[in-house]
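Chemist: Below are the sequence and a predicted model for it; my questions follow.
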Amino acid sequence: MSDELRDEIEVINSIYGDGSLTPAEDEDEDDDRDEPSSSPTYVLKLPVGASSLRIQFPAGYPQTAPVVLGAHHSSGGVRGAGARDAALFRSVVGEVFRKGEVCLFDGVEEFSRRGGVEEERGGGGGGDGDKEEDGKEEEEVVTPAWTISEVVVENKSTFVARVARVRSPEEARHHVGHLLATDRKVRGATHNVTAWRTRGGTTNGGTTNGAQFQDFDDDGETAAGGRLLRLMQVMDVWGVVVVVSRWYGGVRLGPRRFAVINGVARDGLVRAGVVEERRRRRKVI
């Protein structure tokens, strides 16, 4: 087993809970062999009440993509659910895989996002159900689009940042509240350190007043929120909210934790494109 795969198994089980990614039962039957399997098969328990899948990791992983063999158990025993989830996850892995990079976490996140979208599309019922009794259309609830950083494991603690664009303090608070309310694994993190900055509020006349707002929340990780906000100030980032989740692994990191928190936050900001956009605006000016 490669070090990359070993770390990825630890990440998945840290974030989604113990037993989320475990060796398949038939792997245990091979214990009598002189050499362990070069292409181990694992069972992945997908989140959001979906099926569990059998995933095979080729000897060259992550140089070679993992193989989705099929369903291990169907979601809720629903006929066809296992095949559907396996097909969707197989498609997702094909899109997120990059040679030389582990991809299972990104695959699960994208699968969860698509699963939620399908539920929203299929749950409307059609007809007049999309309107209130007085004939007015219901107000659309905007689901935040989060950009996810690289997952970092430091002395058994797992760190990951999420970045979303916001236009007001109210929207920043809404996005964080929505994330915690809808994402069980994030809600179960030991700490969710947040910081946000917005500017350009509007007056009653609809003109921009240039107001600036910023705030942070340590969520028990003392001084981490202020340092995260300071990073955003140094990078001159506006119009975004950052949430850094940490799942404590039992080993104290001391001041090192601040560097890791800011490191994944910086990676998330770059992936979200907000840093590059700021640089382009400066060139135009």
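Modeler: Looks like it arrived, so ask away.
Chemist: low-confidence ranges in this structure?
Modeler: Filtered on pLDDT under 70, the chain yields the residue ranges 26-37, 48-50, 75-79, 115-142, 200-210, 276-285.
Chemist: the helices in it, which residues?
Modeler: Here the chain has its helices, by DSSP state H, at 3-16, 25-28, 81-96, 104-122, 169-182, 184-187, 224-234, 256-272, 274-284.
Chemist: would you turn the ones you listed into a markdown table with distance to P62 and mean neighbour count?
Modeler: Where you see a C-beta, it was placed from the backbone N, CA and C, and this is true even at glycine. Below are those laid out as a markdown table (distance: least, Cβ to Cβ, whole Å; neighbours: other Cβ atoms under 10 Å):
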| stretch | distance to P62 | mean neighbour count |
| --- | --- | --- |
| helix 3-16 | 5 | 18 |
| helix 25-28 | 19 | 11 |
| helix 81-96 | 12 | 18 |
| helix 104-122 | 9 | 17 |
| helix 169-182 | 28 | 17 |
| helix 184-187 | 22 | 15 |
| helix 224-234 | 29 | 19 |
| helix 256-272 | 18 | 20 |
| helix 274-284 | 26 | 11 |
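Chemist: just so I know, which of those lies nearest K45?
Modeler: Closest approach to K45 among these (Cβ to Cβ): helix 3-16, 7.4 Å.
Chemist: Tell me the gap between the closest one and the middle of its chain.
Modeler: Counting by Cα atoms, centre = their mean, to the nearest Å, helix 3-16 is centred 14 Å from the centre of its parent chain.
Chemist: elements contacting it?
Modeler: Using 3 or more Cβ pairs under 8 Å, 6 or more residues apart in numbering; DSSP states H and E, the elements in contact with helix 3-16 are strand 21-23, strand 41-45, helix 104-122, strand 152-154, strand 157-165.
Chemist: same thing but 7 Å
Modeler: With contacts taken as 3 or more Cβ pairs under 7 Å, 6 or more residues apart in numbering; DSSP states H and E, helix 3-16 sits against strand 21-23, helix 104-122, strand 152-154, strand 157-165.
Chemist: thinking again about what came up before, dump the helices of the chain to JSON lines, plus distance to G70.
Modeler: Shown next, in JSON lines, are those (distance: least, Cβ to Cβ, whole Å):
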{"stretch": "helix 3-16", "distance to G70": "19"}
{"stretch": "helix 25-28", "distance to G70": "13"}
{"stretch": "helix 81-96", "distance to G70": "5"}
{"stretch": "helix 104-122", "distance to G70": "15"}
{"stretch": "helix 169-182", "distance to G70": "28"}
{"stretch": "helix 184-187", "distance to G70": "24"}
{"stretch": "helix 224-234", "distance to G70": "42"}
{"stretch": "helix 256-272", "distance to G70": "32"}
{"stretch": "helix 274-284", "distance to G70": "40"}
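Chemist: I'd like to know which of those helices is closest to W247.
Modeler: With Cβ to Cβ, the closest approach to W247 among the helices of the chain belongs to helix 3-16: 4.7 Å.
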